[in-house]
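Engineer: predicted model and sequence below, questions to follow.
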Amino acid sequence: MADLPKTMYDKIWNDHIVTTNENGLGLIYVDRHLVHEVSSPQAFDGLRAAGRTVRRPDCTLATVDHNVPTAPRGARVRDLRSLVTDPESYAQCVALETNVKDFGISYFGLQDKRQGIVHVIGPEQGFTLPGITCVCGDSHTSTHGAFGALAFGIGTSEVEHVLATQTILQKKSKNMRINVDGELPEGVHAKDVILYIIQVIGTSGGNDCVIEYAGSVIRGFSMEARMSVCNMSIEAGARAGMVAPDETTYAYLKNRPLAPKGDAWERAEAYWRTLKTDDGAKFDVQVNIAAADIAPSVTWGTSPQDVVPITGTVPDPATFTSPEVRSAATRALEYMGLVSGTLMEEIAVDNIFIGSCTNGRIEDLRSAAAVVRAAGADAKVASTVTAMVVPGSSAVKRKAEEEGLDVIFKRAGFQWREAGCSMCIGMNEDSLEPGKRCASTSNRNFEGRQGFNGRTHLMSPAMAAAAAMYGKLTDVRRFHYKETQSRVDVDTPPAADDPVAEEESFIPSHTIHPPPVSADKTSPKVFRVLKGIAAPLYIENCDTDMIIPKQFLKTITRTGLARGLFYNLRNGESRDFILDRPPFDKAAILVSTGKNFGCGSSREHAAWSLEDFGIRCVIAPSFGEIFRNNCLQNCLLTVELNAETCRVLAVDAEAGIELTVDLEKEEIHRLGKPPIPFTTDPFRRGYLLNGFDNIATTLRDTDAIAVYEGRRAKQRSWLESGRQKITIKPSGGKVDW
Ligand SMILES: CC(C)[C@H](C(=O)O)[C@@H](O)C(=O)O
Ligand code: SF4
C-alpha cells in the first residue's frame, strides 16, 4: 500500500522508534539530551545507586542557569563559592560539577564562555538540529522544535532513564497545526503571536498534541522568533511545538560550532529537506489565525491565557460564561490587585525584566534597544521602575556588547546583567518583591512565579522596553522605532573553535556527593487499592509553581518536600488551606474540580511533595502531561473524570467521607453510593499494579538499542559527534567570560 502522507512529527517519530511495546508506546531514541542543575542531581544519584553509567555522553550537554546570580561579575571568579552564595544553590551547582566530572558529560560551566540558559545555548552552539529528538528536564525544551526537531520536557526520573538508556518511553501525541497568515500589524512580534494563540486555544488547548506552526507569518520569522513561539507551546498545554526547517534554519545553523561540517552538512541538509509535512497529511486539529487580528498584547491575570491587547481594559469576570473561568478570573484579579475596566495603559509597573529562554536572545535585545533608542539619547527609564536586561547566554551578552546594545540600555538606566534564568523564576538573587508588579518578557505569570506575591505581566521585549520608559504598561506603537532584522551574518556564534576542546573550567573546591538514594527508590512501589480521606481543591489550572514554588527546587534529594506543598497558599494571609485542616491534613487523595492540574513546569518535585505529604492519588478533569508522567514515575495514580463528577466527589470529600480508589477494578467507591468507574491506559495500569523499574525494563532492550544506534550511525552519521567528553581542567586557568 503506497505510503500515506505524513506530518513532520510522524516522520521524526518514525525515524526514532527503537521498539514498540505491547501497549503501543514507543521506545524513542534521544539524539540530544540537555541537562541543567535543577532536574539532574537526583537522576545522576540514581545512576550511582544502581551502578549505572551514562550511555551516550557525546549526545549530552550540561550547563548551569537557574541558580546563577546575574549581577555583573567584573573581576575573575575564583570558584563557585565566591559567586553562588546561597548554600542550597551552591550545593546544586556543585552537584552538577561533580556529576559532569564523574559521568564524563560536556559542560558549559560558569567559567565557560558558552554558559547560558539551556534553551539558548543548545541552538546557539548548533547542538540542536533539525530532525532530532531532544529532551531536557525542563518544560521549555519545546523551544528546540523551532528547528524542526521533536523536543519536549521530561521529569527527573525520565532524565535518569535517558542518561542510562538514551531512550524514553512515549505515547504518540496527536497532530495539531496552527496556521498564522497575513501581515503582522505594527508593533506585533513573535511573543504577541504566541500569546494570542494561547488566548485562542487556552492553556489546555494543546493537550495531548504536538503543534506544527505554519503559515506565512511563521515562514517569515527569524529563528529567534520561531524559538519564542515554540518555547511557549507548553503554556498551550502541548507536548511539543515545531516549525519545518527551511533556508532560514540552514542559514542560522551553518558553521555553528557543534553543527555538522563539510559533506556531513550536505548529507544532513539533504535529510532535513525531506522532513516537511507531506501534502495531504492528516492533522487531528487545525487552527487558522489571521495576523491582522493580533495586536501588541499583555497578560492581565495569572495564566498565560489571560491576554488582552494593550489598548484593552482589565476584564470583568462576570463576562466569562463558565463558572470555573469566572472564579479563576476573580481570584486572578484579586491576586494581581486589579480592578475590572481599568485601561491596561493605566497600570503602573515597578520592575522590568527583559530576558528568559523565551526572549533573551540577540534579536530580543535588539528589539528592546530599538525602542529605548527611539525614546531619545537622553531618555531614561521612569524613576519609579527598576529595569534589568539579562542576556540568555554569555555569547548573547558578548554579541550585544559588540553591537553597543549594552551602552543603550545602561545609558537609559537599565541594569546590564550576566546570563541566567534570573527573574523568570526567581530561584536566584533576582526575585520580585511581594506586591511588586513586573513587565516581563518571560513565559509564566502564575501566582508567585517571579517571587512570593509578585505580580507578572507577560509581553514582548519591545513592549517591556516601552513600559520601562513610561513606568506603566505602554503601547509600543507610541514609539516610532525601526528594528534591525536579525541578520545571520551578525549573529555568528562564539569563536568557531571546537567547543569541546579542552575548555577552562574548574573543579569545585570540594566535591559534594549527594546522599545515597534511599533504599526505597530501588524497590519499585505498587498501587492497587487506596482507601483514605480525600481533600477537595477548587482551583482552575493549578500549576506546578502553585503546587511547589521555586525555592524548594534547590534540593539535591527527592525527600522531605511536603514542607513545600502548596507553600504559598499555606503561608498567605488566609492560612486556612484545606490540607492544614483536620481531617484533610491526613489526606491520601486530592480531588481537583479545576482542569489542567499540574500544568506548567517539569519539576518532579511536585509529585515528590504530594507523595511526601501522603497523597497517592489525584482526581481531576485533566492534567498537565509532564506532571502526569512524573506522578506515574512515583507511583501516584492520576484519575481523569468529567468536571461534574469531580465536583460531586469534591462535595463528598468536603464532608470528610473516605474514598476507596481501586485500580484493579478501576472504580472509586464511596460509602453507600454507587461506584464511579474510571479508565487508566493499560501501560500506566500495568506499571502501577506491578511496579517495575522502568530503566531495568528498558535495559532488557539493550540489543535493540544497539541495533538502532548502528543504523543511526550509518543513516544519520552527522549526529555521531564521535567526541568523548571534554576533560575539565583544574581551575586556575585563564578565565574568558
Ligand atoms: C526547574 C525546571 C524543572 C522548570 C521547568 O521545567 O520549566 C523551570 O525551568 C521553570 O521554568 O519552571
Ligand atoms: S522558563 Fe525561565 S526558569 Fe525555566 S528554563 Fe526558561 S528561563 Fe529558565
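Structural biologist: Great, that's in hand. Ligands and ions are numbered 1, 2, ... in the order given.

Engineer: near ligand 2, which residues of the stretch 251-400 of the chain show up?
Structural biologist: Within the stretch 251-400 of the chain, the residues that sit near ligand 2 (CB under 6 Å from any ligand atom) are 356, 357. Quick note: C-beta positions are derived from backbone N, CA and C, even for glycine.

Engineer: quick check: residue 480 vs residue 445, distance?
Structural biologist: Computed as CB to CB, to the nearest Å, the residue 480 to residue 445 distance reads 29 Å.

Engineer: try residue 138
Structural biologist: Counting by CB to CB, the gap from residue 138 to residue 445 is 18 Å.

Engineer: do residue 91 as well
Structural biologist: With CB to CB as the criterion, residue 91 and residue 445 are 30 Å apart.

Engineer: if you count what's nearby, which of those two comes out ahead?
Structural biologist: residue 445 (29 against 19; other CB atoms under 10 Å).

Engineer: can you read off the pLDDT for that one?
Structural biologist: At residue 445, the model reports a pLDDT of 98.

Engineer: give the contact list for it.
Structural biologist: Counting by CB atoms under 8 Å, 6 or more residues apart in numbering, residue 445 touches 299, 301, 302, 303, 304, 306, 456, 457, 458.

Engineer: who wins on neighbours among those residues?
Structural biologist: Neighbour max across those (other CB under 10 Å) = residue 458, 31 neighbours.

Engineer: report the beta-bridge partners for the closest residue to that residue other than its chain neighbours.
Structural biologist: In space, and not counting its chain neighbours, residue 458 is closest to residue 299: 4.4 Å by CB to CB, 6 or more residues apart in numbering. When assigned by DSSP bridges, residue 299 has beta-bridge partners residue 307.

Engineer: check contacts around residue 299.
Structural biologist: 195, 306, 307, 308, 445, 456, 457, 458, 459.

Engineer: farthest-separated two in those?
Structural biologist: 308 and 456 (14.7 Å; CB to CB).

Engineer: following the lowest-mean-pLDDT helix or strand in the chain in sequence, what is the next regular element?
Structural biologist: Least confident helix or strand of the chain, by mean pLDDT, DSSP states H and E, is helix 519-522 with a mean of 43. Helices and strands here follow DSSP states H and E; after helix 519-522, the next one along the chain is strand 529-537.

Engineer: so what are the sheet partners of that following strand and their directions?
Structural biologist: Applying DSSP bridges to the sheet, strand 529-537 is found paired with strand 589-592 (parallel), strand 658-662 (antiparallel).

Engineer: tell me which of the ones you listed is the most buried.
Structural biologist: strand 589-592 (a mean of 26; mean count of other CB atoms under 10 Å).

Engineer: I'd like the next helix or strand past that one.
Structural biologist: Assigned by DSSP H and E, the successor of strand 589-592 is helix 605-613.

Engineer: off-centre distance for whichever helix or strand comes after that following helix?
Structural biologist: Following helix 605-613 in sequence order, the next helix or strand is strand 617-620 (DSSP H and E). Relative to its chain's centre, strand 617-620 lies at 23 Å (CA atoms, centre = their mean, to the nearest Å).

Engineer: what's the nearest residue to the residue in the stretch 51-200 of the chain that ligand 1 sits nearest to if we skip its chain neighbours?
Structural biologist: Going by CB to the nearest ligand atom, ligand 1 is nearest to residue 139 of the stretch 51-200 of the chain, at 3.6 Å. Nearest-residue entry for residue 139: residue 153, 3.9 Å, with adjacent residues in sequence omitted and distances by CB to CB, 6+ apart.

Engineer: just residue 666 next, same as before
Structural biologist: Using CB to CB, 6+ apart, the nearest residue to residue 666 is residue 678, at 5.5 Å.

Engineer: repeat that for residue 63.
Structural biologist: Leaving aside its chain neighbours, residue 63 sits nearest to residue 108 (4.3 Å; criterion: CB to CB, 6+ apart).

Engineer: pLDDT wise, what is the one you found at?
Structural biologist: Looking at residue 108, its pLDDT is 95.

Engineer: how about the residues of the chain near ligand 2?
Structural biologist: 65-66, 117, 119, 138, 140, 356-357, 421, 424-425, 442-443.

Engineer: could I get those residues as CSV with neighbour count, secondary structure and distance to residue 72?
Structural biologist: Formatted as CSV, the residues of the chain next to ligand 2 follow (neighbours: other CB atoms under 10 Å; DSSP: H, G, I helix; E, B strand; the rest coil; distance: CB to CB, whole Å):
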residue, neighbour count, secondary structure, distance to residue 72
65, 29, coil, 17
66, 25, coil, 19
117, 33, coil, 18
119, 33, helix, 23
138, 30, coil, 26
140, 28, helix, 26
356, 30, helix, 19
357, 28, helix, 21
421, 31, coil, 17
424, 30, helix, 19
425, 25, coil, 20
442, 28, coil, 21
443, 26, coil, 25
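
Engineer: in the stretch 301-450 of the chain, what residue lies closest to ligand 1?
Structural biologist: residue 425 (5.1 Å).

Engineer: show me the contacts for that residue.
Structural biologist: Residue 425 touches 66, 449, 450, 550, counting by CB under 8 Å, 6+ apart.

Engineer: distance of the last one from residue 543?
Structural biologist: Think residue 550. 12 Å.

Engineer: with residue 436 instead?
Structural biologist: Residue 436 is 20 Å from residue 543, by CB to CB.

Engineer: where does the stretch 501-650 of the chain dip in pLDDT?
Structural biologist: 501-524, 574 (pLDDT under 70).

Engineer: so how many other residues sit close to the residue of it at minimum distance from ligand 2?
Structural biologist: Nearest residue of the stretch 501-650 of the chain to ligand 2: residue 601, at 6.9 Å (CB to the nearest ligand atom). Number of residues near residue 601 (other CB under 10 Å) recorded here: 31.
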